[in-house]
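Enquirer: Fold the stuff below for me.
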Amino acid sequence: MNFDNDNSRKKKWGLLVTGVVGGTLVALYAVVTPFITPALRKICLPFVPATSTQIENVLKMLQCRNGSLVDIGSGDGRIVIAAAKEGFRAVGYELNPWLVWYSRYCAWREGVHHDAKFYISDLWKMPQLEKKLEDELEHDARVIACRFPFPHWMPDYTTGEGIDTVWAYDSKNFKGSEKRYSETLPIMHSS
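Expert: Got it, this is the predicted structure:
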């Protein structure tokens, strides 16, 4: 009788340990996968947080402007939140759902959640970003790129250096220009 009781306890502990280890692995997979998969894409763009200098450079390029800001590859939302604090209606698009949820929380914590919105979106599937922006932006729009300049446009303004470089393109200077576009263009990532 004592032998059966011992085996029953061992079996219960074995099931418990298996369940805990399995649950931990599933949770770890769910948390880590969105951070690793961008590095495995054809064009690697892992999450790298915006530095305070980069945020200052973006805000410098937005001085004397108002309206809307869209951040493609918004990461943890630092640029979107900073722009919302300056009075912009700001939207961030990010592939990683954990970063989107974190960005929403940070916007709420900073009190700008009404002016800063975040969406989960894979904009790598959007072909020819330059062409889309040329066709759809208003004449007075400004496009700001962080870390990666647009390959076919000449920037109107540049500030910063290294990873903190920010390029500004005024749509009045690139709209309607006849350019050739490659099949895949990099998305400007400003996280």
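Enquirer: For residue 92, give me the backbone phi and psi.
Expert: Dihedral pair for residue 92: phi -120, psi 140, per degrees, to the nearest 10.
Enquirer: Next one: it from residue 175, what distance?
Expert: Applying CB to CB, to the nearest Å, the value for residue 92 to residue 175 is 24 Å. For glycine as for every other residue, the C-beta is placed from the backbone atoms N, C-alpha and C.
Enquirer: now residue 25
Expert: 51 Å.
Enquirer: more neighbours, these two?
Expert: Between residue 25 and residue 175, residue 175 has the larger neighbour count (other CB atoms under 10 Å), namely 15 against 10.
Enquirer: Look up the closest residue to that one, ignoring the ones flanking it.
Expert: residue 134 (5.4 Å; CB to CB, 6 or more residues apart in numbering).
Enquirer: what's the following helix or strand after the helix-or-strand element of the chain with minimal mean pLDDT?
Expert: In the chain, no helix or strand scores lower on mean pLDDT, DSSP states H and E than helix 2-36, which sits at a mean of 74. Going down the chain from helix 2-36, the next helix or strand is helix 52-61, by DSSP states H and E.
Enquirer: Just the mean pLDDT for that following helix, thanks.
Expert: For helix 52-61, the mean pLDDT works out to 94.
Enquirer: how about it: buried residues?
Expert: 53, 54, 55, 56, 57, 58, 59, 61 (16 or more other CB atoms under 10 Å).
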